[in-house]
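Participant: Quick one: sequence plus predicted model below, questions after.
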Amino acid sequence: MNDRPGFQPRAAQPVTAPGGAGCRAYNSDECFRRALVLGLSLEQSTMPVHNADIAAIFTEIADLLEIQDANPFRVRAYRNAARTLEGLARDARELIAAGEDLTALPGIGTDLAAKIEEIVATGHCQALTKLHRQIPASVAELLRLPGLGPKRVKTLFRELGIASPTELYRAARDGRLKALPGFGAKTEQRLIEALSGRAAAPSRMPLAQAARYAEALRDFLGRQRGVQQVEIAGSYRRRRETVGDLDILATAATPEAIMQAFAGYEDVETVQALGATRATVVLRGGLQVDLRVVEPKAFGAALHYFTGSKAHNIAIRRLGQRRGLKINEYGVFQGKRRIAGRTEASVFRAVGLAPIPPELRENRGEIEAARAGQLPRLVARDDLKGDLHAHTAASDGNNSLAEMAQAAREQGLEYLAITEHSRRLAIAHGLDPERLARQIDEIERLNETLGGITLLKGIEVDILEDGGLDLPDDLLGRLDLVVGAVHSAFTLSRAKQTRRILRALDHPHFSILAHPGARLLGERDAIDIDWLRVVRAARARGCFLELNANPRRLDLTDQHCRLAGEEGVLVAVNADAHSVAEFDNLAYGIDQARRGWLGPEQVLNTRPLPALRQLLRQTL
DNA sequence: GCCGTTTTCGGCCCGACTGTTTTCAGTCG
């Protein structure tokens, strides 16, 4: 788990937005009034304030307060609130516009609710502006450097006036750091290395990419003499779409042996720490890995602890505390007596909870649900009966219709929709009406010879900038389903982008909105749309949302899956396979669906074919 | 700054490792 705040540096840019476009659409009078009060003109109100912007401001306040040595619990309150905001499916400004009470959110009291309203209305927070008068914003950047926490950053600023990484680099190179109290030659050297760019800034790695490192390392450790259990915990086990680092947990007859083997693993680039039961290394490729060795009787407690999330752990410990129990990675203790810890289930039982699946452990209501015996039965890979988004060599795929059908059948699927790109996506060799008509005939012929699987006739039609579809109605009407997707004009304003999607959903033949956010992890941000309106429009029109299982996309996000589930919109978990190998990606889609609290009944393609056809007809 | 089966005050999660120290503070997860 690397839940260190600011691990994913996000610039806390002041958002110059008294109101913002989205706000104006909801509550123009109020925005106008606020703009007048603040002496700002509405012409400035272009950039809407998102939860991530508010969270970034709260995180920066927390950083600066910490450097000032403020009450640590006050600091934590800002961090908790930032985490709450980042975990919401809906933007705070929408909640405000809908008149909802922000103090109902966990970790948000009257003070922080007022600050959120202030930021939504103005794009700024007075409290942060005030802090900036005492400490420049760039000082907080120093916290991202290895070995620097609030205390040392404060020392640097107070003693040497160092307020930025550049100034720090200069001072370190001049040898001025090691004279400071609490600093030494090693710290100085480490900072020089980090600042000279030799150590790349840590960034989160897509889950599927991390899996390659993780599985190889797990196998290696499992082969070591005396090793009993090896489990990868952390966000990897929670199946987050990206992981910051790997947390590996093991039990072994002799801890020293596995620690040494770990440090000597062929892919290790640097060993950052090596203790008796805990070690940290960085692999070639930049992934940090922590290994922890515990006794078998503590394995469950340690697995729970290192699986996290941090917010979940804190909530569980607080629950234990109220029962007079102390919970740590070694077990659950009543006084000196250990009452649980060998298994995760025993830890949950000790605090009166049903076992919570790792994917739900984000402190987003799973503890309350477990206490009430209302944890959802989550969808599993085996629940899937088909896949509703696939390409062949006719557009930008690699295999033939027959090869894709056979691969899908080998994956245990009963149906597969063929959904090539449409003509506008020329780069992907998209189909024009004539070629699509030919493929329709071809699929019908092939279906007569295929056994054990049915191909469905579909298309991944481009949603044009104005919300129209890229192929004529009469042709779309001949298909079993129409999957529509955005592949262009990603940067439209929220109002325009939302209007575009709503118009596409309105189309009489529209079935499934593919990769609705159109994001690419780490490469392209999601388009800006009013999610609640889109989800509700999909429900009203009998349409469905896709969870695209391609590891680069994983789109819907977990939060939007949950929103869809709560609003009664079925989600299609599709591999978007461009080759026979890519059906394996369905597992990543299922992971994400589980993180979004979806059960089998909330996933469209868990239906057998007749039931699926009936649902699709309702959209056409 | 938040929160309440300890409800408007007094708590707030817990431990390992490193480096700088002579017994521990700071950082990190």
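Facilitator: That came in fine, so what should we check first? As the structure is a prediction and not an experimental result, all values here were calculated from the model.
Participant: quick one: pLDDT of A:G99?
Facilitator: Note on A:G99: pLDDT of 88.
Participant: and it, how many neighbours?
Facilitator: Using other CB atoms under 10 Å, A:G99 has 7 other residues around it. Yep, even glycine has a C-beta here, placed from its N, CA and C like the rest.
Participant: and it, helix, strand or coil?
Facilitator: For A:G99, the assignment made with DSSP: H, G, I helix; E, B strand; the rest coil gives coil.
Participant: A:G161: neighbour count?
Facilitator: For A:G161, using other CB under 10 Å, the count is 9.
Participant: Report whether A:L249 is found in a helix, as I expect.
Facilitator: No. A:L249 is assigned strand when assessed by three-state DSSP, not a helix.
Participant: Make sure it is actually in contact with A:Q228.
Facilitator: No. Here A:L249 lies out of contact with A:Q228, judged by CB atoms under 8 Å, at a distance of 11.3 Å.
Participant: The two - which one has more neighbours?
Facilitator: Taking other CB under 10 Å, A:L249 and A:Q228 do not tie; A:L249 has more neighbours (24 against 12).
Participant: contacting residues for the more buried one?
Facilitator: By CB atoms under 8 Å, 6 or more residues apart in numbering, the contact set of A:L249 is A:229-233, A:291-294, A:299, A:302-303, A:306.
Participant: Filter those residues down to the buried ones.
Facilitator: A:230-233, A:291-294, A:299, A:302-303, A:306 (16 or more other CB atoms under 10 Å).
Participant: Measure how buried the residue lying closest to A:G452 once chain neighbours are set aside is and give me the count.
Facilitator: Among residues not flanking A:G452 along the chain, A:R409 sits closest, at 5.1 Å (CB to CB, 6 or more residues apart in numbering). Applying other CB under 10 Å, we find 17 residues neighbouring A:R409.
Participant: Which elements pack onto the host helix or strand of A:R409?
Facilitator: Assigned by DSSP states H and E, A:R409 belongs to helix A:401-410. The contact analysis (3 or more CB pairs under 8 Å, 6 or more residues apart in numbering; DSSP states H and E) places helix A:401-410 against strand A:415-421, helix A:433-449.
Participant: what's the distance between the residue lying closest to A:T343 once chain neighbours are set aside and DNA strand B?
Facilitator: With CB to CB, 6+ apart as the criterion, A:T343 has its nearest non-adjacent residue at 3.8 Å, and that residue is A:G300. To DNA strand B, A:G300 is 16 Å away according to CB to the nearest atom of the strand, to the nearest Å.
Participant: got the contact list for the helix or strand containing A:K130?
Facilitator: Applying DSSP H and E as the criterion places A:K130 in helix A:126-134. When contacts are defined by CB under 8 Å, 6+ apart, helix A:126-134 is touched by residues A:12, A:57, A:60-61, A:64-65, A:68, A:115, A:118.
Participant: What's the mean pLDDT across it?
Facilitator: 91.
Participant: Same check on stretch A:67-85?
Facilitator: On average, stretch A:67-85 scores 87.
Participant: cool, and stretch A:496-512?
Facilitator: 95.
Participant: sorry, back to before: ok, the helix holding A:K130 near DNA strand B or not?
Facilitator: Yes. Interface with DNA strand B: helix A:126-134 contributes A:A127 (CB under 7 Å from any atom of the strand).
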